[in-house]
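Colleague: When you get a sec, could you give me coordinates for this:
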Amino acid sequence: MPAPILILMACRNGARWLPSQLASIAAQDHADWTLWVGDDGSTDASREIVAAFAAERGGRNLVRQLEGPRAGLAAANFLHLLTRPDLPLTPATHLAFADQDDRWHPGKLSRALDRLAAAGPGPALYGAQSLHVNEAGRPCGRSRRPRRPVTLGNALVQNMVSGHSAVLNPQGVALARAAGAPPGIAFHDWWLSQLMLASGGRLVIDEATVLDYLQHGDNTLGAPAGVAAQITRLQLWFGRDYARWIDANLAGLQAATLTPTTRATVAALRRAPAAGPGRLAAFRRLGLHRQSGIGTLLLWLSALIGRA
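Modeller: The predicted structure follows:
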């Protein structure tokens, strides 16, 4: 019997995009889903659109709309939903994350279930690829599966799982809920991928394209394509944001249930100097790296100057 899936959507002023995203969820070939929408203070017609969709689904699928935490970040909204004590979970329930402005391909959920089942027991987080489209619906790029295995040393400094494609298996759901919602988490997908690997779980990163990722001016970060996007990321990297994100993730991990090896790694990173050769030495000794050689060199430079 197909497993039930609970979809969590973070929403804020998404009226322009919600109709197509909700329609794509309704069109999934896996029909056993429930949708919980966290509305984080929308001032447009988002709430009315979700309410109309809930009424249209009738008894076929439960759609529930809740108040978000009003923290100003999609990650906080997602984690607020994830950790609610009243989530309708069974021992077989998988949990999928949905952005308000994508369009899912019809087999997205069923493919995630198949890949997670093939991965075997234990906590797991699934992620897949996306086609990037502009507001006119024309393709303008696509994501790529990581070229190298995603180890904890990579995941601590680079997010390799896209949140809009992410699905947790039941053991992963239990692990994520037990870890709670640590303060300062900037990206729920990056946090969850680290948590899985640090706790002895796994990442299942699919090569398949399962959704259209809409690129527009209101994206939280957007796809890492084009000169402007790369400049934005470098500014974040060599500003204070990147180091702050890493520190918040490490603080969250330190409070979670980790493997002994991972606990030692996290503790060593938190003890490392804030900048200089000592910090670079800690990064290298503990195997922190990015997917590309140039990316790793930039990581080492940012560690030297206290930006990672």
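Colleague: Now find how far off-centre stretch 117-136 is within its chain.
Modeller: On the basis of Cα atoms, centre = their mean, to the nearest Å, stretch 117-136 is displaced by 10 Å from the centre of the chain it belongs to.
Colleague: who are the neighbours of the helix or strand hosting Gln129, in terms of helices and strands?
Modeller: In this structure, Gln129 is located in strand 124-133 according to DSSP states H and E. Applying 3 or more Cβ pairs under 8 Å, 6 or more residues apart in numbering; DSSP states H and E, one finds that strand 124-133 makes contact with helix 108-119, strand 139-142, strand 167-168, helix 170-179, helix 188-198, strand 202-214. Heads up, the C-betas are built off the backbone N, CA and C, glycines and all.
Colleague: Could you tell me the angle between the longest one and helix 188-198?
Modeller: This points to strand 202-214. 170 degrees (axes from the mean of the first three to the mean of the last three Cα atoms, to 10 degrees).
Colleague: and strand 202-214, what's its mean pLDDT?
Modeller: Taken as a whole, strand 202-214 has an average pLDDT of 97.
Colleague: re earlier: kindly calculate the angle that the strand holding Gln129 makes with helix 170-179.
Modeller: Going by the same axes, to 10 degrees, strand 124-133 makes 90 degrees with helix 170-179.
Colleague: My guess is Leu35 contacts Ile5. True?
Modeller: No: using Cβ atoms under 8 Å as the test, Leu35 is too far from Ile5 to be in contact (9.5 Å).
Colleague: follow-up on the earlier one: of the helices and strands packed on strand 124-133, which is nearest Leu253?
Modeller: For Leu253, the closest of the helices and strands packed on strand 124-133 is helix 188-198, at 5.4 Å, according to Cβ to Cβ.
Colleague: how about the CA coordinates for the closest one, as PDB?
Modeller: C-alpha atoms of helix 188-198 as PDB (Å, rounded to 0.1, in the frame of the first residue of the first chain):
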ATOM      1  CA  HIS A 188      16.000  24.200   6.400                       C
ATOM      2  CA  ASP A 189      17.300  22.000   3.700                       C
ATOM      3  CA  TRP A 190      21.000  22.600   4.600                       C
ATOM      4  CA  TRP A 191      20.200  22.000   8.300                       C
ATOM      5  CA  LEU A 192      18.400  18.700   7.600                       C
ATOM      6  CA  SER A 193      21.100  17.300   5.300                       C
ATOM      7  CA  GLN A 194      23.700  18.000   8.000                       C
ATOM      8  CA  LEU A 195      21.500  16.500  10.700                       C
ATOM      9  CA  MET A 196      20.900  13.300   8.700                       C
ATOM     10  CA  LEU A 197      24.600  12.700   8.000                       C
ATOM     11  CA  ALA A 198      25.700  13.700  11.500                       C
END
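Colleague: Please enumerate residues in contact with stretch 293-302?
Modeller: 157-158, 237-238, 242-243, 280, 283-284, 288-290, 308 (Cβ atoms under 8 Å, 6 or more residues apart in numbering).
Colleague: which residues of this structure fall in strands?
Modeller: Per DSSP state E, the chain carries strands over the ranges 5-11, 33-39, 63-67, 94-98, 102-104, 124-133, 139-142, 167-168, 202-214.
Colleague: Would you mind giving those strands as CSV with distance to Ser110 added?
Modeller: Putting those into CSV (distance: least, Cβ to Cβ, whole Å) gives the following:
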stretch, distance to Ser110
strand 5-11, 9
strand 33-39, 11
strand 63-67, 20
strand 94-98, 11
strand 102-104, 11
strand 124-133, 12
strand 139-142, 21
strand 167-168, 11
strand 202-214, 10
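Colleague: which stretch in those strands has the least confidence?
Modeller: When these are ranked by mean pLDDT, strand 139-142 comes last with a mean of 90.
Colleague: Only the buried subset of the contacts of stretch 293-302, as a PyMOL command please.
Modeller: Here is the PyMOL command that picks out the buried ones among the contacts of stretch 293-302, judged by 16 or more other Cβ atoms under 10 Å:
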select buried, resi 157+158+237+238+242+243+280+283+288+289+290+308
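Colleague: how much space is there between the one residue sitting closest to the centre of the chain and Arg279?
Modeller: By Cα atoms, centre = their mean, the chain has its centre lying nearest to Asp189, at 2.0 Å. Separation of Asp189 from Arg279 (Cβ to Cβ, to the nearest Å) stands at 26 Å.
Colleague: for the protein, which spans come out with low pLDDT?
Modeller: Along the chain, the parts satisfying pLDDT under 70 run over 1, 216-238.
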